[in-house]
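**Q** Need coordinates for the below:
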Amino acid sequence: MDINSKIYIAGHRGMVGSAIHRNLQKKGFKNFIFKTSQELDLRDQKKVAQFFVQEKPELVFLAAAKVGGIQANNTYRAEFLYDNLMIQNNVIHQAYLNKVKKLLFLGSSCIYPKMAPQPLKEEYLLSGYLEDTNEPYAIAKITGIKMCESYRRQYGCDFISVMPTNLYGPNDNYNLNNSHVLPALIRKFHEAKESNAPSVEMWGTGSPLREFLHADDMADACVFLMQNYNGQKHVNIGVGVDLSIKDLALMIKKIVGYTGEIKHDLSKPDGTPRKLMDVSFLHSLGWKHKIELEQGISEVYKDFKEKKGVKVW
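**A** From the prediction side, this is the model:
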């Protein structure tokens, strides 16, 4: 990556895209192209083609996607499949046609089979059945990985894919109907504390094990790989340590300072029993996370309180 390279971050206002932008700025990069979804609908093939021809980006971070938690994934199955396929198809193909020097595609840990051995190694891709609740989203992300792999093999494109674990950080989504578990719990405990509610309801049993990575660490890993990796194999990005959703809830409860009890809504799904990334390959390349979970959640909660009523909902 040349310091003067023209960089397009698709999804620059989202949690991951904004973190990549901050990371690049800290490293001295200044030549960015930004388009909001209102300015450029990445599902529109013609408009995406025009954008690439006009702007000619040299480096692309493909962080734009339709994302959500278990309920959103399971409810809007068609949109999660269609929207993500269209975004990926258009951006990756136009990156090839317009001779982009390097592209990084962001996938998701849900690409791995529901009952795959733990921790999840990169080679477990397509080795079993997917979790039903987010299968459409997972299939879209698998397609993105295979597009990058296929354009590399057929055309020699330097397109790489990364598979992040569960992410959290500034600019997260706190909508209780379609957010992920960590931001949803932050909001629930905060509002319960504010209203002196006697209890907080939590989805499922709390037994599933999950791994969480701060978005700033995710961004740092992405920039590191853009600078140091050009292999065909997709790369897991995570911390290599997990905890139960119940223990996560207790950690957030403590950070927020809520003193009530936790109740479980057993009518809600648990999702995959465990998702822990094997990050040994990433470690072998020379990158390791820096932000530990309790520290990261404390920082995120501070950011949440500062922005509440502005944009977090």
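**Q** Every contact and neighbour count from this point should use C-alpha atoms.
**A** OK.
**Q** Can you pull out the low-pLDDT segments for this protein?
**A** Low-confidence segments of the chain (pLDDT under 70): 177-178, 308-313.
**Q** rerun that using 50 as the cut-off
**A** Filtered on pLDDT under 50, the chain yields the residue ranges 309-313.
**Q** Break down it into its helices, ranges please.
**A** Defined through DSSP state H, the helices belonging to the chain, from first to last, are 15-26, 45-55, 70-75, 77-97, 135-155, 181-195, 215-228, 245-256, 280-285, 293-307.
**Q** could I have the second one exported to CSV, CA atoms only?
**A** Taking C-alpha atoms only, helix 45-55 is exported to CSV below (Å, rounded to 0.1, in the frame of the first residue of the first chain):
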residue,chain,number,x,y,z
GLN,A,45,-24.8,-2.6,-11.4
LYS,A,46,-24.8,0.4,-13.7
LYS,A,47,-24.1,3.0,-11.0
VAL,A,48,-21.3,0.9,-9.5
ALA,A,49,-19.7,0.5,-13.0
GLN,A,50,-19.9,4.3,-13.5
PHE,A,51,-18.4,4.9,-10.1
PHE,A,52,-15.4,2.7,-10.7
VAL,A,53,-14.7,4.2,-14.2
GLN,A,54,-15.0,7.8,-12.9
GLU,A,55,-13.1,7.4,-9.6
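**Q** Please produce a markdown table containing the helices of the chain, extended by distance to K268 and mean neighbour count.
**A** Formatted as a markdown table, those follow (distance: least, CA to CA, whole Å; neighbours: other CA atoms under 10 Å):
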| stretch | distance to K268 | mean neighbour count |
| --- | --- | --- |
| helix 15-26 | 26 | 20 |
| helix 45-55 | 38 | 15 |
| helix 70-75 | 9 | 18 |
| helix 77-97 | 17 | 20 |
| helix 135-155 | 18 | 20 |
| helix 181-195 | 12 | 20 |
| helix 215-228 | 27 | 21 |
| helix 245-256 | 14 | 19 |
| helix 280-285 | 34 | 14 |
| helix 293-307 | 24 | 16 |
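**Q** and of the ones you listed, who's closest to S109?
**A** In this view, the helices of the chain are compared for proximity to S109 by CA to CA, and helix 135-155 is the closest at 8.3 Å.
**Q** and the angle from that closest one to helix 77-97?
**A** 20 degrees (axes from the mean of the first three to the mean of the last three CA atoms, to 10 degrees).
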